[in-house]
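# Fold the following.
(chains A and B)
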Protein chains: 2
Amino acid sequence: MAKDKPTRLKARMPRGLADRGPAELASTRAMLETIRKVYELYGFEALETPFIEYTDALGKFLPDQDRPNEGVFSFQDDDEQWLSLRYDLTAPLARHVAENFDRLAKPFRSYRAGWVFRNEKPGPGRFRQFMQFDADTVGAPTVAADAEICMMAADTLEALGIKRGDYVIKVNNRKVLDGVLEAIGLGGEENAGRRLTVLRAIDKFDKVGMQGVSDLLGEGRWENPLNESGDFTKGAGLPQSSINRILDLFGMRDEEESDDLEPGAWPPDQNRAPPTDEARVTERVLRRLQNVAGDTATGSAGVEELKEIWSLVHAAGYEDRIRIDPSVVRGLEYYTGPVFEAELTFEVKDEKGRPVRFGSVGGGGRYDGLVGRFRSEPVPATGFSIGVSRLASALSYLKSAEVASDYGPVVVVVMDRDQTAHYMGLVATLRKAGIRAEMYLGNPKNLGNQFKYADRRNSPCVVIQGSDERAAGQVQIKDLIEGAKAAAAITDNAEWRESRPAQFACAEAELVAKVRELLDHHRVPHGAALG
Amino acid sequence: MAKDKPTRLKARMPRGLADRGPAELASTRAMLETIRKVYELYGFEALETPFIEYTDALGKFLPDQDRPNEGVFSFQDDDEQWLSLRYDLTAPLARHVAENFDRLAKPFRSYRAGWVFRNEKPGPGRFRQFMQFDADTVGAPTVAADAEICMMAADTLEALGIKRGDYVIKVNNRKVLDGVLEAIGLGGEENAGRRLTVLRAIDKFDKVGMQGVSDLLGEGRWENPLNESGDFTKGAGLPQSSINRILDLFGMRDEEESDDLEPGAWPPDQNRAPPTDEARVTERVLRRLQNVAGDTATGSAGVEELKEIWSLVHAAGYEDRIRIDPSVVRGLEYYTGPVFEAELTFEVKDEKGRPVRFGSVGGGGRYDGLVGRFRSEPVPATGFSIGVSRLASALSYLKSAEVASDYGPVVVVVMDRDQTAHYMGLVATLRKAGIRAEMYLGNPKNLGNQFKYADRRNSPCVVIQGSDERAAGQVQIKDLIEGAKAAAAITDNAEWRESRPAQFACAEAELVAKVRELLDHHRVPHGAALG
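Numbering: from 1, shown residues only, chains lettered A, B, ... in the order given. Reported below is the predicted structural model:
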């Protein structure tokens, strides 16, 4: 092949994509397994949909519309129909449920883990391929389904080793905002575009702060507001009175808020006295939302739903982990009711010692219209999605001290090239006993290279058999964990023969027993014999 | 959303793609775990590459060239560069190794599991997205690497429960065929296209038989040769003498072959006497290949490599599982030396009782030129790929009797809508004890629907608490495994109250203990308490 094509290709990956090695894959696998167990405990069952769907079936609900194709990788099939790589696991679920509606037990509770693709501008920590782990309940109109999913999100984070207090599940309701938007004259189909601009302005609250949101709701915002430089993002163009009303949802314009509970006030269950701090704060937030959005039917319904969720959360004892937070709106267009976000609140230090917060590691919400696009009747649905790569990266900070270094295989070195079959036999014996092993398969001429290879593979030991040992029915076992440092300096046979750190001979028949002893001594895990 | 878009979408999936449910996913997960363990035992380490690569980095090595885009899904990036979905896991590995060459310990031994995509005409059992599980050794010129991978393929199939004798690993060498092609004047770059046609004709041996291959090497072949109807595939246009020489590789033109071993003949190790049947057959095949292809340097080198592989296989005791078979060529263009195919040989009955063979469930070979496309020096490499979906389907036939039916979650029914928080508390108690459980989240009005739901989820039992039970601090547990048949007929509360098969009351505090007892009685697995 090389001779056919003299022009040499450059080995490179498209931007926003990454290769993954054994350590990352092992920790991700363990993580997925933990999430799966929690989701199954909650009664969700496994489902997988393909990576490719009809573009129209996926719909266009992505927040990033600045790029061609609206953030989705698309291509045409033979028959000219447009296909897309899935950009989340929710739109394909809607297609699956609609396509198999009569066959499925409803509510249909499924979980799905898999890669999704966004044709976005890649940046640090922002990939064009990333993994999500979703759970969804389709066919349940009750907000008990939303509350349950928030509790499951909390349980999942704790099962992954994140301590209570190091995370929070924030809950809001799109209907509250929709109520305010109706009240300020942004209701109706003709204002769908402006509503989306408002939504995305609020979604940037964590990044740009209250003033930034205010600018984005008004004329617009400079990337660097202090000197009005960088990119300028055009705003929603709302009048100041409308902006103020939206900002009132966040309660930032009130200097002081009354903390008095009126007699007979919600929540109804007054057995749990005195109210916790969390309960006091939540009740204050709910009252504020009622004041700001309660004058429309939509807004009022939204506040009622939040109260019901809070009441379930409270009864189940999750009130210190789940919080009503009006700043959560979620960027995706298809949400219609409660929306949630799982946020890590602990700080870690980056490589330069600066404090870093991971922030959001998952989110979701109710999307009652998504399945309904395919059917005559509405189909209520709600779900939650974990950003696996992001969460894995956060976990790696938490657990960095706990992860045991992963040893490679035992390496049988090749001393005599014509003894390959015999060396492979030694390897087979080790493998049959459940011990990871391999014969060195590179050029065996340079013995130093063989030892260097074993070092780079992080092998616990190498097995050596020259003609002398073979004649004596023996092998040499060299303990690389014990002798790691000395081994690096050895470059030829003669030098090696002199030093021999942590090396011993044993009968060939004892090979498995002696290697097992060595692994146990160093606490290197190894398997049972193959069946 | 539904109100915004009055035209209703059709929920459909593009052809050649499939959704996967819990049973299939559970068995695939178990299967992948087994393969992973064997590959790790052999010293291979995990690697994952992205789904999208630069089209030129993947190269064009697919057998199916009849379709636009040569079988690959491709699309342009923002900067006009062409991207493709990976069509196998080998081409991306070559890119990875070339890109990280100096950093990697060599030989680089990696395994990769993942989905690949082919833009082919889908058909029964032929998908446009399917999973492969590969292991590759890059940087090992010795055919010991090829022999090892064949042995690992055999060990993998046995670890998956396929009995010895129910499968065979077939080995051939592209160099043998290349030698014959040189001898009949098809060497050199100018004949690359015709060589490929010959390769693909031989690759169809299993489907079209010897006469079919002969036709495809000559003028061509009708889809239905008996009445010369259907599609006509143009052949390689070789003269009869050349066709005969190629067919001689298969030995089908010889009526009788001498079975005598010359004195001093290969194999050199005569300690194992008498030769097994497999050894006799293999030695005969190797002699035939030497006769047909040995007059060119390439052909002769190919035969020598096969002899060395056989000698290693024989020494390791795999001679009853690995066979030299000249009909194996593999459709992919990039192979340069030994090629292998794992074939299941047992027969099963399809739904109509007809015998079916699964045939090939994996294959691979040596591709010394693939990494070299990116580098100045050649990089030898060899690998093996399991067709996961195909093998999973074969395993499902083998194990159909063993698979335990998978029970769903315990369902807590909703008798009183205002007790949602309390019911969710019962569910939380069960989950904390490691028992899969959920509250019914559909419309609770019709109790029959709640029981039907529990039946469809294959729930082991439901938990019921009406106002009477609540007043008494009790719950009712209804055993659905015991009472499965009766439950289906129950449609309303009154009728249900009369029948109550396999139902009992217990104190709410005993809920976990009683449900555990029930699950243990029916041998339904359940987890330990959450940490």
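
# pretty sure residue A:161 contacts residue A:396?
No - using C-beta atoms under 8 Å, residue A:161 is not in contact with residue A:396, being 11.2 Å away. Yep, even glycine has a C-beta here, placed from its N, CA and C like the rest.

# The closest residue to residue A:248 other than its chain neighbours: helix or strand, and which one exactly?
Nearest residue to residue A:248 in three dimensions, chain neighbours excluded: residue A:292, at 4.6 Å (C-beta to C-beta, 6 or more residues apart in numbering or on different chains). Per DSSP states H and E, residue A:292 falls inside helix A:277-293.

# List the buried residues for that helix?
Buried residues in helix A:277-293, counted by 16 or more other C-beta atoms under 10 Å in any protein chain shown: A:278-279, A:281-290, A:292-293.

# Stretch A:383-399 now?
Neighbour counts over stretch A:383-399 (16+ other C-beta under 10 Å) mark A:383-392, A:394-396, A:398 as buried.

# and if you look at stretch A:311-328?
Buried residues in stretch A:311-328, defined by neighbour count with 16+ other C-beta under 10 Å: A:311-316, A:318-319, A:321-328.

# Tell me which of those fall in strands.
Residues of the buried residues of stretch A:311-328 located in strands (DSSP state E): A:322, A:323, A:324.

# Spatially nearest residue to the residue in the stretch 201-350 of chain A positioned nearest to chain B, not counting backbone neighbours?
Here the residue of the stretch 201-350 of chain A nearest chain B is residue A:315; by C-beta to the nearest C-beta that distance is 3.6 Å. Distances taken as C-beta to C-beta, 6+ apart place residue B:421 nearest to residue A:315, at 3.6 Å, with adjacent residues excluded.

# Give me the below-cutoff pLDDT ranges for the stretch 351-500 of chain A.
Within the stretch 351-500 of chain A, the segments meeting pLDDT under 70 span A:399-405, A:484-500.

# ok, which stretches of it are helices?
A:388-399, A:420-432, A:447-456, A:467-471, A:484-488, A:493-499 (DSSP state H, counting those that start in this stretch).

# Rebuild the ones you listed as JSON lines, extending it with distance to residue B:468.
Listed next are these as JSON lines, based on distance: least, C-beta to C-beta, whole Å:
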{"stretch": "helix A:388-399", "distance to residue B:468": "45"}
{"stretch": "helix A:420-432", "distance to residue B:468": "63"}
{"stretch": "helix A:447-456", "distance to residue B:468": "71"}
{"stretch": "helix A:467-471", "distance to residue B:468": "82"}
{"stretch": "helix A:484-488", "distance to residue B:468": "71"}
{"stretch": "helix A:493-499", "distance to residue B:468": "83"}
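
# Pull out the buried positions in stretch A:223-237.
Buried residues in stretch A:223-237, counted by 16+ other C-beta under 10 Å: A:233, A:235, A:236.

# Let's have the buried residues of stretch A:383-399 in JSON lines, adding distance to residue B:41.
Formatted as JSON lines, the buried residues of stretch A:383-399 follow (distance: C-beta to C-beta, whole Å):
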{"residue": "A:383", "distance to residue B:41": "39"}
{"residue": "A:384", "distance to residue B:41": "37"}
{"residue": "A:385", "distance to residue B:41": "35"}
{"residue": "A:386", "distance to residue B:41": "32"}
{"residue": "A:387", "distance to residue B:41": "33"}
{"residue": "A:388", "distance to residue B:41": "27"}
{"residue": "A:389", "distance to residue B:41": "29"}
{"residue": "A:390", "distance to residue B:41": "33"}
{"residue": "A:391", "distance to residue B:41": "30"}
{"residue": "A:392", "distance to residue B:41": "26"}
{"residue": "A:394", "distance to residue B:41": "32"}
{"residue": "A:395", "distance to residue B:41": "27"}
{"residue": "A:396", "distance to residue B:41": "26"}
{"residue": "A:398", "distance to residue B:41": "31"}
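
# and residue A:334, which of the three is it?
Assigned with DSSP: H, G, I helix; E, B strand; the rest coil, residue A:334 falls in the coil class.

# which residue of chain A sits farthest from its center?
What lies farthest from the middle of chain A is residue A:471; by C-alpha atoms, centre = their mean that is 56.5 Å.

# Would you mind measuring from that one to residue A:508?
11 Å (C-beta to C-beta, to the nearest Å).

# cool, residue A:16 as well?
According to C-beta to C-beta, residue A:16 stands 52 Å off from residue A:508.

# Settle it for me: which of these two has more neighbours?
Set side by side, residue A:16 and residue A:508 show more neighbours around residue A:16, with 20 against 17, by other C-beta atoms under 10 Å in any protein chain shown.

# for that one, helix, strand, or coil?
Secondary structure, three-state DSSP: residue A:16 is coil.

# list the contacts for it?
Contact analysis of residue A:16 by C-beta atoms under 8 Å, 6 or more residues apart in numbering or on different chains lists A:120, A:122, A:126, A:127, A:128, A:129.

# thinking the second one is in contact with residue A:15, fair?
Yes - using C-beta under 8 Å, residue A:122 and residue A:15 qualify as a contacting pair, with a distance of 4.8 Å.

# joint contacts of those two?
residue A:128.

# Which one's more surrounded, those two?
residue A:122 (16 against 13).

# what residues are up against that one?
A:15, A:16, A:128.

# Low-confidence ranges, the stretch 151-300 of chain A, go.
Along the stretch 151-300 of chain A, segments meeting pLDDT under 70 span A:252-275.

# how close does the most centrally placed residue in chain A sit to residue A:146?
Taking C-alpha atoms, centre = their mean as the criterion, residue A:388 is the residue nearest the geometric centre of chain A, at 1.6 Å. Separation of residue A:388 from residue A:146 (C-beta to C-beta): 22 Å.

# what about the strands in the stretch 51-200 of chain A?
A:52-54, A:74-76, A:82-85, A:108-117, A:129-138, A:167-173 (DSSP state E, counting those that start in this stretch).

# Tabulate those (JSON lines), appending distance to chain B and mean neighbour count.
JSON lines is the format used below for these (distance: least, C-beta to the nearest C-beta, whole Å; neighbours: other C-beta atoms under 10 Å in any protein chain shown):
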{"stretch": "strand A:52-54", "distance to chain B": "6", "mean neighbour count": "23"}
{"stretch": "strand A:74-76", "distance to chain B": "4", "mean neighbour count": "16"}
{"stretch": "strand A:82-85", "distance to chain B": "6", "mean neighbour count": "22"}
{"stretch": "strand A:108-117", "distance to chain B": "7", "mean neighbour count": "23"}
{"stretch": "strand A:129-138", "distance to chain B": "5", "mean neighbour count": "23"}
{"stretch": "strand A:167-173", "distance to chain B": "15", "mean neighbour count": "25"}
